[in-house]
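Q: Predicted coordinates and the sequence they were generated for:
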Amino acid sequence: MKRPWVAGTILLAATAPAWLAACSRTSPPPPARGGGDKQPMTDWPIYRGDPGMTGVAPGKLADRLTLRWTFKTADAVTGSPVVVGGRVYIGSADANVYCLDLATGEKRWSYDAKDAVDAPPTCMGGVVYVGANNSFLYALDANTGTLKWKFETEDKILGAANTFVDAQTGRRRIVFGSHDFRLYCLDAETGEKLWEYEAENYILGGVAVADRRTVFGGCDSIIHVVGADGKAVRKIDAGAYVTATPAFDGGKVYVGNHEGAFVCADVASGKIDWTYEGEDPFVASPAVTADRVILASRDGSVHCVGRETGKRIWAFPTKDEIESSPVVCGGKVVFGSGDGRLYVVRLADGKKLWSHELGDAVGSSPAVAGGYVVIGCDDGRVYAFGAGP
């Protein structure tokens with residue numbers, strides 16, 4: 001069930017504590033509404049779940065999951081979902097952005113983006129921000145799907161946007177990368193461009209925010225560190241071009257490259273702390289816990305390494321290459337594979353707890369929220385799983 005290569009994602013980080021207030025999580029909004037300004041613990045409002053793109057979900061996940069519903073689109077669903085306020089937001093190659101009810105899978109609305117939507121949405125402040133292959137970033141009302149504004153770049157947008165609140169002005173900002181080599185910062189309310197930063201090759205992926213820094217990898221083989229003003233702070237040699245979204249946490253960047261090397265880099269010094277050598281490209285995003293890093297590779301395995309040392313703890317093989325990014329929740333790791341299955345394995349030792357065969361290869365990454373696992377599939381369906389017999 002081999003899949004043609006789909007350009008992966010990237011990551012950015014650019015913030016201070018005031019910026020992170022945009023993603024604070026308190027009481028949940030009413031289930032019928034989406035995109036509250038303060039996200040509850042049961043939400044997954046952005047690709048990888050949090051501004052640093054660490055891929056760790058709060059709460060617990062059952063050892064065995066039950067299929068709750070499926071929703072059929074008209075083409076492959078390779079992008080990843082987000083979940084806010086009891087609603088699922090996801091794009092499809094059929095050129096639509098969908099809003100679905102988390103409990104039932106019922107369609108609430110859809111928006112025609114006029115081209116494939118492979119990028120994961122971001123839902124914040126009552127607005128869904130999502131890029132499409134026609135070079136536009138769309139801002140849609142989370143409750144109705146009504147277009148608020150759109151911003152045109154010079155090439156397709158494959159990665160997730162992120163939002164932050166500017167520490168000086170108090171205004172919300174949107175940061176995202178484009179295939180046109182540029183990182184953009186926009187005013188979230190109006191879509192006005194505030195600045196852009198140019199890399200030396202394609203930016204294929206998503207955005208993270210932390211520590212007043214923006215960090216992303218590109219096809220120029222560089223891990224770029226960019227300040228809140230859009231100015232370059234540091235450039236770190238990644239060894240080969242990066243098509244995965246790094247995780248950024250505790251001043252460290254974790255990312256794999258297309259030649260099978262996964263690195264942990266220190267942003268302050270620009271030095272590589274450790275390298276984990278694989279045999280195939282890393283195009284999935286890692287999950288980073290307090291003491292472990294979970295990597296998915298095109299070698300068909302998920303690898304668990306020590307966060308401090310990069311030494312292997314365990315590896316779990318599937319029957320095909322993996323582009324789906326793993327999520328850690330309650331001592332479990334959940335991910336999809338090109339072999340067409342969704343897996344849950346134990347974080348402690350990599351033992352398989354459960355798997356479920358879907359209709360085709362899985363390149364989408366799971367969203368884990370409120371006991372649900374939601375994921376897209378190349379068969380054109382969105383699948384939702386929950387606890388139960």
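A: Everything's here; your move.

Q: Any idea how many residues pack against residue 229?
A: 12 (other Cβ atoms under 10 Å). C-betas here are computed from N, CA, C, even on glycine.

Q: Same check on residue 198?
A: Residues lying near residue 198 (other Cβ under 10 Å) number 12.

Q: Next: the one 5 residues further on.
A: Burial measure for residue 203: 33 neighbouring residues, criterion other Cβ under 10 Å.

Q: wait, is it part of a helix?
A: No: the secondary structure assignment for residue 203 gives coil rather than a helix, going by DSSP: H, G, I helix; E, B strand; the rest coil.

Q: for it, what are its contacts?
A: Neighbour list for residue 203: 10, 159, 177-179, 181-183, 216, 218-219 [criterion: Cβ atoms under 8 Å, 6 or more residues apart in numbering].

Q: Among the residues you listed, which one lies nearest to residue 45?
A: Proximity of the contacts of residue 203 to residue 45 (Cβ to Cβ) peaks at residue 159, which lies at 15.6 Å.

Q: Pretty sure that closest one sits against residue 175.
A: No: under the criterion of Cβ atoms under 8 Å, residue 159 makes no contact with residue 175, lying 10.5 Å away.

Q: Tell me the residues that contact both of the two, please.
A: Counting by Cβ under 8 Å, 6+ apart, the shared contacts of residue 159 and residue 175 are residue 207.

Q: what's the spacing between the residue nearest to residue 282 when sequence neighbours are not counted and residue 79?
A: Nearest-residue entry for residue 282: residue 256, 2.3 Å, with adjacent residues in sequence omitted and distances by Cβ to Cβ, 6 or more residues apart in numbering. From residue 256 over to residue 79 the distance is 20 Å, taken as Cβ to Cβ, to the nearest Å.

Q: With neighbour numbers in mind, choose between these two.
A: residue 256 (33 against 29).

Q: What pLDDT is listed against that one?
A: Looking at residue 256, its pLDDT stands at 95.

Q: Verify the stated contact: it with residue 281.
A: Yes: counting by Cβ under 8 Å, residue 256 touches residue 281, with 7.3 Å between them.

Q: Touching both of the two, which residues are there?
A: What both residue 256 and residue 281 touch, as defined by Cβ under 8 Å, 6+ apart, is the set residue 297.

Q: could I have stretch 148-158 exported to CSV, CA atoms only?
A: Provided in CSV are the C-alpha atoms of stretch 148-158 (Å, rounded to 0.1, in the frame of the first residue of the first chain):
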residue,chain,number,x,y,z
LYS,A,148,-13.8,36.4,6.7
TRP,A,149,-10.8,37.1,4.5
LYS,A,150,-8.2,35.3,2.4
PHE,A,151,-4.6,36.0,1.7
GLU,A,152,-2.7,34.9,-1.4
THR,A,153,0.9,33.7,-1.5
GLU,A,154,2.8,32.7,-4.6
ASP,A,155,2.5,28.9,-4.2
LYS,A,156,0.7,26.2,-2.3
ILE,A,157,0.3,26.1,1.4
LEU,A,158,0.7,22.6,2.9
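
Q: Am I right that residue 367 is in contact with residue 87?
A: No: Residue 367 lies out of contact with residue 87 (Cβ under 8 Å); the separation is 11.3 Å.

Q: In the chain, where is pLDDT below threshold?
A: When residues are selected by pLDDT under 70, those of the chain lie in 1-41, 389.

Q: Spatially central residue in it, please.
A: Centroid-nearest residue in the chain, with Cα atoms, centre = their mean: residue 47, separated by 2.8 Å.

Q: how far away is that one from residue 119?
A: Note on residue 47: its distance to residue 119, by Cβ to Cβ, is 8 Å.

Q: what's the overlap in contacts for these two?
A: Common neighbours of residue 47 and residue 119 (criterion: Cβ under 8 Å, 6+ apart): 159-160, 206.

Q: any idea how far residue 66 is from residue 386?
A: Residue 66 is 6 Å from residue 386, by Cβ to Cβ.
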